[in-house]
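# I need the structure of the sequence given here:
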Amino acid sequence: MKKLILSLAVVAFMAGTLSNSFGQVPDKQSVKARENLKEEKKDVVVAKQDLKVAQKDSVSEYQKLTKESEVKFKSNEKCIADLRASITKNNSKAQATDQKKVSLLEDKNNSLKKELADYKVLGQTQFTTFKAEFNRDLDRLAKELKDFKIL
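Prediction:
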């Protein structure tokens, strides 16, 4: 019985010693993994800050586009009103046709207003594409209004 207790005590002592020794010294891979994790966390923080700055830039550019476009919309509306007035003064045979053309141009102006109002700023690259297409369409409309001739 003494041998059994003694052997169990020795086995328990050895098991305890071995189990404690395995968890004490961190291996090089885990240390390197922890360092990489810290670096990645820093990269994530920097990326979040960059995203916030880009979103602020997109919003400010959107507001700038809105202000610039509002001036162009008002100019287009004034031009449309002038065209309508000159069409009614002329009493020509093509008055109905001219009125329809002016109405189409007015609809284009209103649809561009709605498109700008409905746009949600999603990202810098998407906004750049939207801005280029929107400005092109708005400039094309202004040119059509300028080139409109009453028959």
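
# can we go C-alpha only for contacts and neighbour counts from here?
OK.

# Where does the prediction get shaky in this protein?
For the chain, applying pLDDT under 70 flags the ranges 18-27, 54-58, 121, 123, 150-151.

# From the chain's centroid, how far away is the lengthiest helix in the chain?
In terms of residue count, the longest helix belonging to the chain (DSSP state H) is helix 28-90. On the basis of C-alpha atoms, centre = their mean, to the nearest Å, helix 28-90 sits 6 Å off its chain's mean C-alpha point.

# Which elements pack onto it?
helix 95-118, helix 124-147 (3 or more C-alpha pairs under 8 Å, 6 or more residues apart in numbering; DSSP states H and E).

# what comes up buried for the last one?
Of all the residues in helix 124-147, those buried under the rule 16 or more other C-alpha atoms under 10 Å are 124, 127, 131, 134, 138, 141-142, 145.

# CA atoms only for stretch 106-121 - export them in PDB, please.
The C-alpha coordinates for stretch 106-121 follow below in PDB (Å, rounded to 0.1, in the frame of the first residue of the first chain):
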ATOM      1  CA  GLU A 106     -38.300  71.300 -68.700                       C
ATOM      2  CA  ASP A 107     -38.900  67.700 -67.800                       C
ATOM      3  CA  LYS A 108     -35.200  66.900 -68.400                       C
ATOM      4  CA  ASN A 109     -34.300  69.800 -66.000                       C
ATOM      5  CA  ASN A 110     -36.700  68.400 -63.400                       C
ATOM      6  CA  SER A 111     -35.500  64.900 -63.700                       C
ATOM      7  CA  LEU A 112     -31.900  66.000 -63.200                       C
ATOM      8  CA  LYS A 113     -33.000  67.900 -60.100                       C
ATOM      9  CA  LYS A 114     -34.700  64.700 -58.800                       C
ATOM     10  CA  GLU A 115     -31.600  62.600 -59.600                       C
ATOM     11  CA  LEU A 116     -29.400  64.900 -57.600                       C
ATOM     12  CA  ALA A 117     -31.800  65.000 -54.700                       C
ATOM     13  CA  ASP A 118     -32.200  61.200 -54.600                       C
ATOM     14  CA  TYR A 119     -28.500  60.500 -54.900                       C
ATOM     15  CA  LYS A 120     -26.900  58.900 -51.800                       C
ATOM     16  CA  VAL A 121     -23.200  59.400 -51.200                       C
END
